[in-house]
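1. pasted the sequence and its predicted model underneath.
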Amino acid sequence: MSAPAGTTRRFRIFRFKRGDDGHRYDEFDVPVHERTTVLEALRWVQLRKDPTLALRHSCFHASCGTCGVRVNGREGLGCVTALADVSGDTVTVEPIANLPVLNDLVADMAPFVDRFPAPHPNVRESEFLPQADTPDDVEGYGRFEDCIECGLCLSACPVAATDDTYVGPAALAYAQRMLEEARGTDREAILDWADSEAGAWRCHASFECTEACPSNVRPAQRIMALRKELGSRKKVSS
C-alpha cells in the first residue's frame, strides 16, 4: 500500500508524566510516505510538534529492542513497523504493557530484567578454540542470545496481564536455552527455578509471545520444551 505525496496520518499518542493524576492521549497529524515507520513518525512529533514527548530508541534496525511499543493494540518495534502495514484512520501508540510506565512511551524495564533467573547472567563468556587468534586487547568473546530484551513478549502475554509474579516468556525461554546449551550451567538450579509456582507451568500456551517476538526466539515453543524437560525429571525422580 503506497501513500501519495502530501498524505498525513492521525496519531493518537499515550501521554503520562510522573506526578500526573492519570494518563491522556494527544493527537497529531503527521506527514508520511510509503516507507515511513512508526518510530520516524514519533520522532517527527517530538522534533516538530512536542519536544516533551518521551520515547526510547537507539539502533533503528531491530537489534537493540529499545523502541518497543503497542501500535493499535499490537506489539512491535517502532523502527521496523511500517505505517503502510498499519490499518485504520488513526494510529494509536502506547507503551508496552505489563510493566510500569516511567514517562509517555517509556516503560520501566527493571521488572522485566528482574524476572530472569538471578544466578545466570544474560551475557556470559563464550568458549573459543585455544589455537584461534583473537583481536588485540580482547581477552574473550561475549556470547549473546537471540533475545534482544525488548519486552514485547511480556507485553503480549495474557498471564502477565493478570499475574505480576509470573516470570514471563522471555525469562523462561532464556532458561530453556541455557539447558539446551548447558556449558557450565547448573541444570538443577535452572529446573528448580522453572518448576516454581510462577514458572513454566503458569503459562497458558496462548502463543501470543511468539507472535510478538521480533527476533524469532519462539518463547512459547521454548516454554513447551522446558515443560517437557521438567516432566522427564519428575518421571525419573518418581
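-> Looks like it arrived, so ask away.

2. helices of the protein, start to end?
-> With DSSP state H, the ranges of helices along the chain come out as 38-48, 110-114, 152-156, 169-180, 187-194, 208-212, 219-237.

3. can you add mean pLDDT and mean neighbour count and give those back as a markdown table?
-> Glycine gets a C-beta too; all of them are placed from N, C-alpha and C. Compiled in a markdown table, the helices of the chain are given as follows (pLDDT from 0 to 100; neighbours: other CB atoms under 10 Å):
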| stretch | mean pLDDT | mean neighbour count |
| --- | --- | --- |
| helix 38-48 | 98 | 18 |
| helix 110-114 | 93 | 14 |
| helix 152-156 | 98 | 28 |
| helix 169-180 | 91 | 23 |
| helix 187-194 | 92 | 17 |
| helix 208-212 | 97 | 21 |
| helix 219-237 | 90 | 16 |
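
4. would you mind giving those helices as JSON lines with distance to residue 58 added?
-> Compiled in JSON lines, the helices of the chain are given as follows (distance: least, CB to CB, whole Å):
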{"stretch": "helix 38-48", "distance to residue 58": "10"}
{"stretch": "helix 110-114", "distance to residue 58": "17"}
{"stretch": "helix 152-156", "distance to residue 58": "16"}
{"stretch": "helix 169-180", "distance to residue 58": "19"}
{"stretch": "helix 187-194", "distance to residue 58": "30"}
{"stretch": "helix 208-212", "distance to residue 58": "20"}
{"stretch": "helix 219-237", "distance to residue 58": "22"}
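
5. for residue 90, which of those helices is the nearest?
-> Among the helices of the chain, helix 38-48 comes nearest to residue 90, with 12.4 Å by CB to CB.

6. and that closest one, what does it pack against?
-> In terms of contacts (3 or more CB pairs under 8 Å, 6 or more residues apart in numbering; DSSP states H and E), helix 38-48 is packed against strand 8-15, strand 24-31, strand 90-94.

7. quick one: contacts of the second one?
-> Residues external to strand 24-31 that are found in contact with it (CB atoms under 8 Å, 6 or more residues apart in numbering): 6-16, 41, 44-45, 49-50, 90, 92.

8. still on that earlier bit, okay, the helices and strands packed on helix 38-48 in CSV with mean pLDDT and mean neighbour count next?
-> CSV is the format used below for those (pLDDT from 0 to 100; neighbours: other CB under 10 Å):
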stretch, mean pLDDT, mean neighbour count
strand 8-15, 97, 17
strand 24-31, 97, 14
strand 90-94, 98, 19
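
9. and of the helices of the chain, who's closest to residue 96?
-> Closest approach to residue 96 among the helices of the chain is made by helix 152-156 (3.8 Å; CB to CB).

10. before we move on, back to that, and the helices and strands packed on helix 38-48: which comes nearest residue 206?
-> So among the helices and strands packed on helix 38-48, strand 90-94 is nearest, using CB to CB, at 20.1 Å.

11. so what strands line up beside the closest one?
-> strand 8-15 (parallel), strand 68-71 (antiparallel) (DSSP bridges).

12. the ones you listed: which one's closest to residue 61?
-> strand 68-71 (14.0 Å).

13. how close does residue 70 get to residue 235?
-> To residue 235, residue 70 is 41 Å away according to CB to CB, to the nearest Å.

14. er, residue 16 I mean
-> 49 Å.

15. ditto for residue 92
-> In terms of CB to CB, residue 92 sits 48 Å off from residue 235.

16. now swap in residue 52 and tell me
-> From residue 52 to residue 235 the distance is 58 Å (CB to CB).

17. kindly report the same for residue 77.
-> 41 Å.

18. do the same with residue 49
-> Counting by CB to CB - residue 49 and residue 235 are separated by 61 Å.

19. next: residue 179.
-> 17 Å.

20. same question for residue 51.
-> To residue 235, residue 51 is 60 Å away according to CB to CB.
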